[in-house]
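> any chance you could fold what I've pasted below:
(chains A, B, C, D, E and F)
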Protein chains: 4
Amino acid sequence: MDKRTQIFAATEQLIATVGLDKVSMQQVATQAHVAAGTIYRYFKDKDDLLRQLSSHLMMQCATHIQQGVKDEPTLKRQFERLWRNTWTMMLQRDHLLLSRDQFDALPRDDQLHAQRERDAFSDLYQVFQEGKQQGVLKPLDDEVLITLGLEPAFCLARKQVRGVITLDSHAIADAIHACWDAISLH
Amino acid sequence: MDKRTQIFAATEQLIATVGLDKVSMQQVATQAHVAAGTIYRYFKDKDDLLRQLSSHLMMQCATHIQQGVKDEPTLKRQFERLWRNTWTMMLQRDHLLLSRDQFDALPRDDQLHAQRERDAFSDLYQVFQEGKQQGVLKPLDDEVLITLGLEPAFCLARKQVRGVITLDSHAIADAIHACWDAISLH
Amino acid sequence: MDKRTQIFAATEQLIATVGLDKVSMQQVATQAHVAAGTIYRYFKDKDDLLRQLSSHLMMQCATHIQQGVKDEPTLKRQFERLWRNTWTMMLQRDHLLLSRDQFDALPRDDQLHAQRERDAFSDLYQVFQEGKQQGVLKPLDDEVLITLGLEPAFCLARKQVRGVITLDSHAIADAIHACWDAISLH
Amino acid sequence: MDKRTQIFAATEQLIATVGLDKVSMQQVATQAHVAAGTIYRYFKDKDDLLRQLSSHLMMQCATHIQQGVKDEPTLKRQFERLWRNTWTMMLQRDHLLLSRDQFDALPRDDQLHAQRERDAFSDLYQVFQEGKQQGVLKPLDDEVLITLGLEPAFCLARKQVRGVITLDSHAIADAIHACWDAISLH
DNA sequence: CATGAATGAGTGTTCATTCAT
DNA sequence: CATGAATGAACACTCATTCAT
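Here you go, the predicted model:
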C-alpha cells in the first residue's frame, strides 16, 4: 500500500474517532506509520489533505449509492435501490458522513466542486429526470425532489447509528414507501 | 444584562462570523467585554460553554418552531405551520444551524440531553402523536415520522442559504405538500 | 525588571552568543526566564522583536557615540571624541555590532527608520555640517564625510575584537589623525 | 560543467535572490539540476558548502580588486586602481557582499583562512608595503593602512547599492582623494 | 467577584540529512 | 556515483486555562 493511501486511511479513521477538527497532522502521521514531514510530500497542507480526502470520499459515496441502480427494471425499483444503497452506506461508513457538514465547511473551489459532484451522481440525477418525464414523479426542481426522496435516508441512518432509533426491515420498507409518496404523483 | 448572557451572545455572534471551531476564548471575552478569566466563573471550560450554548439555542429553536402551532385549527394546518416555522428559522439563524453537526459532535450527557430535547419539543411530538391517533398520519415511529415530515425543511433551507436552490412561495407550498404526502395516510 | 526588558536582554545576549539568525524564540524565552507564549504579549512576532531590539540598540549606540561631544571646545576635538566613543562602544558591545549588517537586512519601514536614525544622530550630523560651514572640512556630502571619518573606527574596532589587529593608544591616535586627514581641508 | 561547479553557481544565485539564510539545500539542488543527496557527495554539510563558497568568492574578489594594479605606473595610481576596482566589484556583485558579515559568521578554521586570504591579496599588500618603504604612505600597520584606504570604498559602495547615497564620478574621485589623504604622508 | 498577565503543551509546517534503490 | 523519498527534530506561533492581584 502506498503512502498516499495510508495517509488517506489514517485520516479517515481519525476523523471517525476524534472528529474532523480535532485531527492533528501529528496524529495522522502516527496513525499512518509515517513521519510528519512525509505527509507534505503528498499534500500541500492540511487543507489540501482534507479537501482531497473529501473528494475521494464523495466519489466512493457516489459509487456506492448508484451501485446496481441501472439494472433495476422499473423507476420505483431504481428509487428503492438508491434509498437502500444510501442507508447501507451510511451504516457502514457512518463516522465520515456524520461529519458531512464539516466537510462542506472546508474552503474549496465551489464552481468546480459542484460540477464534479453532479457528474459523479449523474445516474442518480437521471433517475429523477426520467421519472419526471414519464409523469411518475412530481414536476419539482431536481434538487428538491432528491432532497425529499433521499435526504430522509441519510437522516434516518444517522439517527440509527446514534441509537436514537432502531429500524427493522419492515420499518425501512415503510420509510421508503413514505418517501416515494413524497415524490410521486398520485 | 448579566455576564452569562453577554458571554452567550458574544459566542453566538462569533460562531456566526468566524465559524464554530475558529472561536477562541479570548475572542469571546473581548466580544463580551469581559476578562478571559471571567468566562471560567460561569462555565467549567470551553466545552461546557459550547454545550450550554447549544442547549440554549435548542430551546430557542423549539420556541420558534412551535410558535403558534396550537392555534391552528386542523392537524394539516399545524403541520404546515411547523414546516414553515422551521424554514424561516433556518433562514434567519442560518449561521448557527449550519453548524448543527458540529454542535452534535460536542461530547455531552446524551441521556439527559435527549430527555430535555423531547420536553422542549413536546408540542411538536404531540401533533404527530395526535395525527396517528386520528388515523390521519401513517402509524410509524415518532422519530421516523418527524424525520420524514420536517427534516426536508431543514435540508431545503440549508440548500437555500447556500444558494444551491432558490425556492419561491409556490415551490415551498409544493414541498410542504410533498412532505405531507410522505407522512399522511391515503 | 519587567518582562519586556528581560526579553530584550535575553535576545541581545543570544545574538552575541549564537548569531542573529540562529536565535530561536524558545531560546529567547528560556534565557529570559519566561514562557514562549509570553514573548508574544510584548512583540507581534519574531520580526517585530528583532526590529524593536534593533531600534533600541541604535538609540543606545547614538547615545554612546555622541556622549560628551558637545562639551569639546574645538571641532577637531569633537571629531576625536566621536571617533573614540565609537571605538570604545564597539569594544564593549562588539557582539551586537558584528551583526550590524544582519540588523540592516531586517525588513523595516525604511522611510521612517532613516528619519529616526538621522534624529538620533543629530549631534553627529551637526558636527560635520558645522565643519563644512567653517571651511575646516571638505565640502562633501554628509554621508560620505561620515563614512570617511568614522567608518574606519567601526572597521578597526571589529578587527581588534576579532584579534586581527591589536592597537595601542598611539596607534589609535594615529588612526584618528589619519581619518582627520581624510575629511579635513589642507 | 561538473556538479561541484553547478552547485556553487546555484548557491551563489540563490543567495543573491533570496538571501543567505533563506537558502535551502533543496532549492540549491533544484537550481543546480542535481538531486538533494548529490550535494553531500561534494560537501560535508550545508556549513561546508557555504564555507567553501565563501572561499571561492573571496578568491574571485581578490582577482577583481587586484586586476590591472601592477600595470599602473605610480603608487598613487595603483591605489586608485585598487579603490575603483573595489567600488565596481561591489556594485556588480552587491548581493554577495551585502552578506559579507554573514559569511564571516560561518564557523571556520580561522588560522588557515587568514593565511589563504593574505596569499590571495598579496598584490594588494605589496602595494601598501612598497608605499611605506618609499616613504609615500604613513608608517602604520598594514591592516590599519588598508582599512583606512579601502574600507571606505566598501562602505560607500554598500550605501550606493542601498540607495542611501548616489555618487557621480566627481564624487568618487573626491572620495578616493580623501582616502589617499588618510594614508599618505604630507 | 473580576481581572488579564503568564503559562506551556500543542499546532501546522520546514528542512538538513540519510539511505535503500 | 546519483537519486529522491523518507525522516524527525526544530521552528514560529496559538490558545485554553490558571492564579496572584
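
> please report how far the most centrally placed residue in chain A lies from chain B.
Closest residue to the average C-alpha location of chain A: residue A:61 at 4.4 Å, with Cα atoms, centre = their mean. Counting by Cβ to the nearest Cβ, to the nearest Å, the gap from residue A:61 to chain B is 16 Å. Backbone N, C-alpha and C define where each C-beta goes, glycine included.

> likewise for residue A:47?
From residue A:47 to chain B the distance is 13 Å (Cβ to the nearest Cβ).

> try residue A:159
6 Å.

> could you do residue A:153 as well?
For residue A:153 relative to chain B (Cβ to the nearest Cβ), the value is 10 Å.

> pretty sure residue A:155 contacts residue B:146?
No: using Cβ atoms under 8 Å, residue A:155 makes no contact with residue B:146, being 9.7 Å away.

> picking up where we left off before, is the closest residue to the residue nearest to the centre of chain A other than its chain neighbours in a helix, a strand, or coil?
Among residues not flanking residue A:61 along the chain, residue A:89 sits closest, at 6.5 Å (Cβ to Cβ, 6 or more residues apart in numbering or on different chains). With DSSP: H, G, I helix; E, B strand; the rest coil as the basis, residue A:89 sits in helix.

> would you check how far apart residue A:89 and DNA strand E are?
Distance from residue A:89 to DNA strand E, counting by Cβ to the nearest atom of the strand, to the nearest Å: 28 Å.

> try residue A:184
Applying Cβ to the nearest atom of the strand to residue A:184 and DNA strand E gives a distance of 47 Å.

> what residues does chain A have near chain B?
Taking Cβ under 8 Å from any Cβ of the partner chain, the part of chain A that reaches chain B is made up of A:19, A:21, A:98-102, A:105, A:138, A:140-141, A:143-144, A:147-148, A:151-152, A:155-156, A:159, A:164-165, A:167, A:171, A:174-175, A:178-179, A:181-183, A:186.

> what's the ChimeraX syntax to select whichever of those are buried?
A single ChimeraX command is used to select the members of the residues of chain A next to chain B judged buried by 16 or more other Cβ atoms under 10 Å in any protein chain shown:
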select /A:19,21,98,99,100,101,102,105,138,140,141,143,144,147,148,151,152,155,156,159,165,167,171,174,175,178,179,181,182,183
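
> how about residue A:35, what does it touch?
residue A:29 (Cβ atoms under 8 Å, 6 or more residues apart in numbering or on different chains).

> host element of residue A:61?
helix A:46-66 (DSSP states H and E).

> other SSEs contacting that helix?
Identification of packing neighbours for helix A:46-66 by 3 or more Cβ pairs under 8 Å, 6 or more residues apart in numbering or on different chains; DSSP states H and E yields helix A:3-18, helix A:75-92, helix A:100-105, helix A:110-120, helix A:122-133.

> let's see it at 7 Å
Applying 3 or more Cβ pairs under 7 Å, 6 or more residues apart in numbering or on different chains; DSSP states H and E, one finds that helix A:46-66 makes contact with helix A:3-18, helix A:75-92, helix A:110-120, helix A:122-133.

> following the last one, which helix or strand comes up?
So that's helix A:122-133. Next element after helix A:122-133 (DSSP H and E): helix A:142-162.

> go on, the first one?
The helix or strand immediately downstream of helix A:3-18 is helix A:25-31, counting by DSSP H and E.

> who are the packing partners of the helix or strand following that next one?
Where DSSP H and E defines the elements, the next helix or strand beyond helix A:25-31 is helix A:36-42. Packing partners of helix A:36-42 (3+ Cβ pairs under 7 Å, 6+ apart): helix A:3-18, helix A:25-31.

> worst average pLDDT in those?
Within those, confidence is poorest for helix A:3-18, with a mean of 92 (mean pLDDT).
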